[in-house]
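Colleague: Pasted the sequence and its predicted model underneath.
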Amino acid sequence: MKVQNTTPKQIHSSTLNSLAMFSIIFLLCQHGSTGAHLSNQTDKLALLEFKHQIADNPVFNSWNTSLHFCQWKGVECGHRHRRVIGLNLTDQNMFGTISPHIGNLSFLRFIDLRDNHFHSEIPQQIGYLYRLIFLNLTNNILGGPLPVNLSRCFNFRAVSLRGNHLVGMIPVELGSLKKLNHLSLESNNLTGFIPASFGNLSSLTKISLAKNNIKGTIPSELGQLTNLVFISLGVNNLTGTIPSSLFNISTITDFWVATNQLTGTLPANIGLTLPNLQGFSFGGNGFHGEIPSSFSNASQLQIFDLVRNMLTGHVPANLGSLQNLYQFNIADNLLGTNETDNLSFITSLSNCTDLQILGLNTNNFGGEIPSSIGNLSVQLNALALGGNYISGIIPAAIESLANLYVALLLGGNKLQGQIPSSLGNITLLDILDLSDNKLEGNIPASIGNCKKLNQLDLSQNNLIGPIPDNVVSIFSLSISLNLSRNSLTGSLPVEVGTLININALDVSDNKFTGSIPETIAACLSLEFLYIQGNFFQGIIPSALAALKGIRELDLSRNNLSGEIPEDMEKLPYLQYLNLSFNELEGEVPKKGAFGNASAISILGNNKLCGGIEELKLPSCRIKVKKPRRHLAFKVLIIASSAAMLFVLIIISIFLGSRRRRKARKDPASLDSTLKRLLRISYHELYRATAGFSPQNLIGSGSFGSVYKGKRIHPKRSSSLRVYGKRKLRYVVASASSRSSTTLSLIQRLNLAIDVASAIHYLHNFCEPSIIHCDLKPSNILLDNDLTAHVGDFGLARLLSNSANTFAQAQSSSMGIKGSIGYAAPAQGDDEDVQDSCSQDGPWSIPIIDQWDPQ
């Protein structure tokens, strides 16, 4: 072995080279460590800036210096470089904005901030994140336009910005995202057109632009998206026809273009070219023509919605092959021909064992409901056949659909017969509508078994009889109960007060009688109450003022009487009130709804007065209130009157007893004496008055003259007052005699009662009322039985129904009516004759005269 000799110089040179190499390696290592540290610090600072733009949130409790930022909640880092690759803060109730510093997280692969409350705009700096694959900002309140530089994120696989407030047009630059397979911009305020550049999104499988304000046509370039599975363009302003190329993308499973302005026909072979259809929603457009029978080939079809179009013809009878169908809605079209076999296709649908919703309403279907309807899926929860020309009876087989819990809609047809009581077996129903048919008979009480009803409509039929108590007391009714336009009778059950959650109650145009039940005031959720067109009577319940939420109230065309409850002016939300054609009276309130003439109607109530000027009602008569007296004074008066009455009764009993004892002893009674006094011949009268001499004339009235005279009798002489003149055949009264007859207390009381009864009759039971105006003792006549009669109606007045007419016709300031000492005191004032004469003066004065002639 050969040994090489090495000099000291060579050794020194080798050592220096080794040291230099080590230094270089050390520096390189130091530089790499510093670079990684600086990069990590950038991520940390960006996260802290992101945090600062958000209100305090428990999520950030872990975002502190005691933990590495890769351990912060919602932050995900890569294993190799320990850089932030993911930010997942879904549904954390965050309020704030998205910091532009998010653009410094250069290793970000995904951002998921959905279901929060981020506002303001999407930062343009997100466009710097070229590694970004997934961006989900769904269900926030972000506004502004879509950032154009999102197109720089060429690695995007999925972008979901659904449920925000984004505005402006969709950038055409987004068409460059070749790797994008999911784009959702649904439920924003985007405008403009669908970019034709979207035809370049060759990897796209799902696109949703629904619920915006996008207009124009659907670009034919979308037909190039051969991998498309889901397309949703509904609820926009799209027009024109659907490109035929879209119907050839066999991978499509869901095709949603409902609620636009699209037109055209459906391809006859649509079920063959789109065999994988699961959801098909073309409703709310202008499609016409027939429903292609080829749909039966799309065996996976689950949702079939063609509602609100202009489709015609028959419904294919081969749709029973769609075993997975659970919604079939073709309502609001022109389908059917009003012929007897129009509903035969229902039989084939009985094979669709998953069917839950069947909507056939508002078409031209005729004929009867087939009994096979009872064979439909036991899972059926909504059946709508209303608004057609269906006739016949409601088949009893319908009770087999016991799981109907959404709605049974049969209104607006020509159904006849009675309502099957078996409907009460469908106890889960939420809505039952049998309105506008020709149904007759009574309302089955079994309907009361439907304890979950929110809405019941039996209006516009020929139903009779009373409302079953258990029907009007279905506690769950909260939307409406409509029984209007039938011939229902009886009273409105008090159980109506059970409907405390109901919003609308309509029993109008029936034959209900009785009063409006006070219990209706318990329906505190009522906003619409219609009771018009019945025979309700009595007063308007003041309890109606408790319905503080009422908006419309119609009580017209009844027999209601009395006054309008004043508290009804306190109903804060009342916008419509109709009280027309009743028998209401009294003053109309002026506040609340009564202050708006266009909000109320009171026609046909002739006794109403007052109210606002626009109603043009007569003024109400001012009621003069008597001054209130002290309670102690009233008590004293009552006590004194009671004591006096008691004394009078005792005296009457005593005098009556004494009179009877005296009558037994003296057979000559008062009656016989009076009868003798009244048997005076005309010749005697002539002599007693000196031939009716003017010197004996006392006065003249409307019914003749009054004379004084002196009758000479063999045994005694008497002074006479003679009423009448030559035409009088006998004396009708005797004023006095020297041996005057004394009347008992009972007789005097009877005379007072007779006079009071006569005045009461004249005032209250004559039509028109008669006002005597000259009531005094000389005008009170006695017959043989000592019964008092009111006479001399020379000054009497007839009281018109109109107070103003009476006053104008009868009032006068020329003189005082009646006799001095007996005239009404009020005639001395400046008041109407009605107010003075209607009291017939102080009629108590003649009564005092008979108690004490002095």
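Modeller: Looks like it came in fine. As the structure is a computational prediction, the values presented were derived from the model and not from experiment. Residues are numbered from 1 along each chain as shown.
Colleague: okay, stretch 112-121 in CSV with CA atoms only?
Modeller: Written as CSV, here are the backbone C-alpha positions of stretch 112-121 (Å, rounded to 0.1, in the frame of the first residue of the first chain):
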residue,chain,number,x,y,z
ASP,A,112,-66.8,27.8,5.1
LEU,A,113,-68.5,30.7,6.9
ARG,A,114,-72.1,29.8,6.1
ASP,A,115,-75.1,30.4,8.4
ASN,A,116,-73.7,33.5,10.2
HIS,A,117,-74.3,37.3,10.0
PHE,A,118,-71.5,38.6,7.9
HIS,A,119,-72.4,41.8,6.1
SER,A,120,-70.8,44.3,3.8
GLU,A,121,-69.1,43.1,0.6
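Colleague: where does the chain have its least confident helix or strand?
Modeller: None of the helices or strands of the chain scores lower by mean pLDDT, DSSP states H and E than helix 803-810, at a mean of 41.
Colleague: Which parts of the stretch 151-300 of the chain are helices?
Modeller: In chain order, the stretch 151-300 of the chain shows helices spanning 270-273, with DSSP state H, counting those that start in this stretch as the criterion.
Colleague: Low-confidence regions, it specifically.
Modeller: Residue ranges of the stretch 151-300 of the chain with pLDDT under 70: none are present.
Colleague: how close does the spatially most central residue of the chain sit to Ile502?
Modeller: Residue closest to the mean C-alpha point of the chain, counted by CA atoms, centre = their mean, is Glu527 at 2.3 Å. Noted for Glu527: a distance of 9 Å to Ile502, by CB to CB, to the nearest Å. Backbone N, C-alpha and C define where each C-beta goes, glycine included.
Colleague: can you pull the buried residues of stretch 743-761?
Modeller: By 16 or more other CB atoms under 10 Å, the buried positions in stretch 743-761 come out as 743, 745, 747, 749-752, 754-755, 758-759.
Colleague: Most widely separated two among those residues?
Modeller: Leu745 and Ile759 (21.6 Å; CB to CB).
Colleague: got the contact list for the nearest residue to Leu334 once chain neighbours are set aside?
Modeller: Counting by CB to CB, 6 or more residues apart in numbering, Leu334 lies nearest to Thr312, which is 4.8 Å off, once chain neighbours are set aside. Listed by CB atoms under 8 Å, 6 or more residues apart in numbering, the contact set of Thr312 reads 288-290, 333-335.
Colleague: Show me which of the residues you listed are buried.
Modeller: Counted by 16+ other CB under 10 Å, the contacts of Thr312 give 333, 335 as buried.
Colleague: could you redo the contacts of Thr312 as JSON lines and give each row distance to Leu113?
Modeller: Below are the contacts of Thr312 laid out as JSON lines (distance: CB to CB, whole Å):
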{"residue": "His288", "distance to Leu113": "45"}
{"residue": "Gly289", "distance to Leu113": "46"}
{"residue": "Glu290", "distance to Leu113": "48"}
{"residue": "Asn333", "distance to Leu113": "43"}
{"residue": "Leu334", "distance to Leu113": "48"}
{"residue": "Leu335", "distance to Leu113": "47"}
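Colleague: Show me what secondary structure element comes after the host helix or strand of the residue nearest to Leu334.
Modeller: Assigned by DSSP states H and E, Thr312 belongs to strand 310-313. Next helix or strand after strand 310-313 toward the C-terminus (DSSP H and E): strand 327-329.
Colleague: got TSV for the buried residues of stretch 743-761, with distance to Ala397 and pLDDT too?
Modeller: What follows is the buried residues of stretch 743-761, written out as TSV (distance: CB to CB, whole Å; pLDDT from 0 to 100):
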residue	distance to Ala397	pLDDT
Leu743	92	77
Leu745	89	74
Gln747	88	78
Leu749	83	80
Asn750	83	82
Leu751	85	80
Ala752	83	82
Asp754	80	81
Val755	82	82
Ala758	78	82
Ile759	77	82
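Colleague: for these, which one is nearest Arg551?
Modeller: Closest approach to Arg551 among those (CB to CB): Ile759, at 52.1 Å.
Colleague: pretty sure that closest one is touching His772, no?
Modeller: Yes. Assessed by CB atoms under 8 Å, Ile759 is found in contact with His772 at 7.0 Å.
Colleague: measure the closest residue to the residue nearest to the centre of the chain other than its chain neighbours to Thr251 for me?
Modeller: In this structure, Glu527 finds its nearest non-sequential neighbour in Arg551, 4.6 Å apart by CB to CB, 6+ apart. According to CB to CB, Arg551 stands 53 Å off from Thr251.
Colleague: of those two, who's got more company?
Modeller: The neighbour count for Arg551 versus Thr251, taken as other CB atoms under 10 Å, is higher for Arg551 (18 against 14).
Colleague: For that one, give me its contacts.
Modeller: Under the criterion of CB under 8 Å, 6+ apart, the contact list for Arg551 reads 527-528, 573-576.
Colleague: hmm, try it at 7 Å
Modeller: Counting by CB atoms under 7 Å, 6 or more residues apart in numbering, Arg551 makes contact with 527-528, 573-575.
Colleague: What strand or helix carries Asn351?
Modeller: Counting by DSSP H and E, Asn351 is found in no helix or strand.
Colleague: Low-confidence regions, this structure specifically.
Modeller: 1-39, 623-635, 652, 654-683, 699-705, 711-741, 794, 800-854.
Colleague: could you pull out the helices for it?
Modeller: With helices called from DSSP state H, the chain shows them at 8-52, 270-273, 345-349, 631-665, 670-678, 682-688, 745-764, 803-810, 833-837, 844-851.
Colleague: May I see the buried residues of stretch 253-266?
Modeller: Residues of stretch 253-266 classed as buried under the neighbour-count rule (16+ other CB under 10 Å) are 253-260, 262, 266.
Colleague: What distance separates the opening and closing residues of it?
Modeller: Stretch 253-266 has an end-to-end distance of 17 Å (CA to CA, to the nearest Å).
Colleague: mind checking how far that stretch is from the chain centre?
Modeller: Here the centre of stretch 253-266 is set off from its chain's centre by 37 Å, with CA atoms, centre = their mean, to the nearest Å.
Colleague: Name the residues that touch stretch 435-448?
Modeller: Residues from elsewhere that reach stretch 435-448 (CB under 7 Å, 6+ apart): 411-419, 421, 423-424, 457-465, 467-468, 470-471, 474, 482.
Colleague: And for stretch 63-82?
Modeller: Under CB under 7 Å, 6+ apart, the answer for stretch 63-82 is 40, 43-44, 47, 51, 59, 62, 83-89, 107.
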